[in-house]
Each structure stands twice: as structure tokens, then as C-alpha cells.
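[1] Predicted structure and sequence below. I'll ask about it afterward.
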Protein chains: 2
Amino acid sequence: MEENDRREEFSIRQVTDRTFPEFLHLLEALACYEHLNPPDDTARSRLKSDLLQDHPRYEAYLGRLGDVAVGFVTFFFTYSTFLARPTLYLEDLFVLEQYRGHGLGGRLFDFCRNEARIRGCGRMDWMVLTWNEPSIPFYEKIGAARLGWYTYRLEGDCL
Amino acid sequence: MEENDRREEFSIRQVTDRTFPEFLHLLEALACYEHLNPPDDTARSRLKSDLLQDHPRYEAYLGRLGDVAVGFVTFFFTYSTFLARPTLYLEDLFVLEQYRGHGLGGRLFDFCRNEARIRGCGRMDWMVLTWNEPSIPFYEKIGAARLGWYTYRLEGDCL
């Protein structure tokens, strides 16, 4: 398949009750790729209600090549008290390995960037694993800045 | 004033329409401390509506010593698709310089940690300026882990 064909038939749509199983399938593929445990039954149930409730805790969009869900993004809105503007925080961006190298990840990223603009955000933030060197030149090329901050976390028994 | 007196008369209350001016005053003191521009009139107006609307974009709490507002925290909820749980994200924690050294910052921090627990969060996250060395031993003592991720940001003309 030619590059242009792939790009033209690529669509991005918000996850609905009907497409939630496809989203979950890709979320499990991401966990597998990162050698993490996939969500168990109760986590799957929370992921669904947290997404599809009136005031969702996160938003999720499927990237589809023809009929096949091949990637997804999840994001939510944080807030900058300095700018007095929301920030689009990109949580997950994933494309199945066999569909990489055709710019689909870039299409998903640009979709989020555009959502940030049209929703009045002052910023778009995301985290990159320090060993994920391949993605870094892409982000720096588009003008992203690496922040000079440490992120700290309390979780599990420490919370 | 004795340490115990200070701790006993310290209270933490959510910012309301009535106490918003005191919160704004402290937010300006934080901007001044960080050598950043304080919010202009339109930013002040957005900060107020984003806080006091039905589904606030952030939450804000004032720490008060007797009648005097001496510090504040702001936070919001992000989401971990891995845990299928919200995360309490601590955005700002500030105590006026002349009231530091009495554990009031720790009281504000513990308040957020407790909110994270009672609201069903799996994590509490926050960022620390890399030059803010004094705070790091405190965070490590309470069991916080520094994440091995870079945070990237698009903002201004690059967004």
C-alpha cells in the first residue's frame, strides 16, 4: 500500500460505548509493548465508566485505517494558574507495531495539538520515557521544549 | 509565638467567592517570588470563573493562621489509564516567606495527600524545580519517587 493511500483512509474518532472494546484491545497492546500488566476486570470497568460518564475523567480517540483500529490517544485537561488557561495533557499515544512508519502517530499527535488550540489551551504537555530516544528528535523538530523540572510521585502504600 | 500555637490555629479551607481576593493576593506573591509576571485583569477573571464554575478546572485551598491567609495549594485530577484511577496533581503549594519554618507547607502537603486518598486516587504527582534542592529531602523522606521521564511542552506560537 502506498503512503498516500494509508494517510487518506486514516480517520480519528472519539471512543464511544460501541467502540470501547476496540480501545481496550489497543490499551492492552500498549501494556504488552511496555511489559506492564494489562487492566484486570475491575480496572476495565473503571476505564469504561470514567470515560463514558457525563464529565469524563479522560478522553480517548481511536485512529482507524479503513475499518481497523490501529492506534489511539488519551488526554485530559490540567490547568496552568500562571497562564490562567487549561493545558492539554497527552497521556497515551500508541500505534500498533505493524502500522508504524507511515506517519500515523504524527497524525494522532497533530490531532491533539489541534484540540489544544480549539479548546483554548495555553499549553500541551506530555512525558517521554528517557530511553525513548527515537521520539525525541520528532518532538524537538516541532518546537517542543524539555522542562527543567523533576516529577515526583507518591503511590501505593506511600500515598 | 510557640510552634504548637502556630500549628493549632492553622486551618485549611476551600477558596470561595468571598475569599477569592485573598487567594489572588497569594498567587501574586508566588509569581513575585518566582520572578514571574502576575496575572493581568483578564487572567484574574479567568482564574475566578475557572475555579468557581460548576465543574471547576482546578481546586484551590487557603491555609490560614488565625484570620490571616498565609499560604495556599491548587490541584486538579489527572488520570492514569494504567491504574484506571485518577491522580491528584499538585500544581502550586506556597507559604509566605515570613511564615515559613513552622511546618505549614507540610500541613498543606498532607492535606492534599489525604484528599488524594479519600477521592480514590492511585497516585499524587507534582513537579519540583531542579534548583529547588531544599524541598527534595522532604519529598524523599516521605517515600516519593522521582520519575525517569522527561516532560515536554508546546506553548505560545509553537502550540
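    Alright, I've got the coordinates. Numbering: from 1, shown residues only, chains lettered A, B, ... in the order given.
[2] can you list the weak-confidence ranges in chain A?
    A:1-8 (pLDDT under 70).
[3] Just the helices from chain A, written as ranges.
    Using DSSP state H, the helices of chain A run over A:3-8, A:20-33, A:41-52, A:104-118, A:136-141.
[4] Tell me, how many residues neighbour residue A:114?
    Residue A:114: 13 surrounding residues under other CB atoms under 10 Å in any protein chain shown. (Each C-beta comes from the backbone N, C-alpha and C, glycine too.)
[5] whoops, I mixed them up, residue A:156
    For residue A:156, the count of nearby residues is 11 (other CB under 10 Å).
[6] that older thread, any chance of the helices of chain A in JSON lines, plus distance to residue B:156?
    Below are those laid out as JSON lines (distance: least, CB to CB, whole Å):
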{"stretch": "helix A:3-8", "distance to residue B:156": "28"}
{"stretch": "helix A:20-33", "distance to residue B:156": "31"}
{"stretch": "helix A:41-52", "distance to residue B:156": "31"}
{"stretch": "helix A:104-118", "distance to residue B:156": "12"}
{"stretch": "helix A:136-141", "distance to residue B:156": "16"}
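[7] To chain B, which of those helices lies closest?
    helix A:41-52 (3.8 Å; CB to the nearest CB).
[8] Can you point out the buried residues in the closest one?
    By neighbour count on 16 or more other CB atoms under 10 Å in any protein chain shown, the buried set for helix A:41-52 is A:43, A:44, A:46, A:47, A:48, A:50, A:51.
[9] Make sure residue A:87 is actually in contact with residue A:123.
    Yes - with contact defined as CB atoms under 8 Å, residue A:87 counts as touching residue A:123 (4.3 Å).
[10] neighbour count winner among these two?
    Higher neighbour count among residue A:87 and residue A:123: residue A:87, with 25 against 21, using other CB under 10 Å.
[11] can you pull the contacts of that one?
    A:77, A:78, A:79, A:80, A:116, A:121, A:122, A:123, A:124, A:125 (CB atoms under 8 Å, 6 or more residues apart in numbering or on different chains).
[12] could you check the angle helix A:41-52 makes with the longest strand seen in chain A?
    The residue-count maximum for a strand in chain A (DSSP state E) belongs to strand A:68-80. Relative orientation of strand A:68-80 and helix A:41-52, computed by axes from the mean of the first three to the mean of the last three CA atoms, to 10 degrees: 70 degrees.
[13] how much distance is there from strand A:68-80 to the middle of the chain?
    3 Å (CA atoms, centre = their mean, to the nearest Å).
[14] Can you tell me the strand partners of that strand and which way each runs?
    The strands beside strand A:68-80 in its sheet (DSSP bridges) come out as strand A:59-65 (antiparallel), strand A:85-95 (antiparallel).
[15] restrict the buried residues of helix A:41-52 to those near chain B?
    Restricting the buried residues of helix A:41-52 to those within reach of chain B (CB under 8 Å from any CB of the partner chain) leaves A:43, A:44, A:46, A:47, A:50.
[16] burial of the residue lying closest to residue A:122 once chain neighbours are set aside, as a residue count?
    Among residues not flanking residue A:122 along the chain, residue A:85 sits closest, at 3.4 Å (CB to CB, 6 or more residues apart in numbering or on different chains). Other residues within reach of residue A:85, judged by other CB under 10 Å, total 21.
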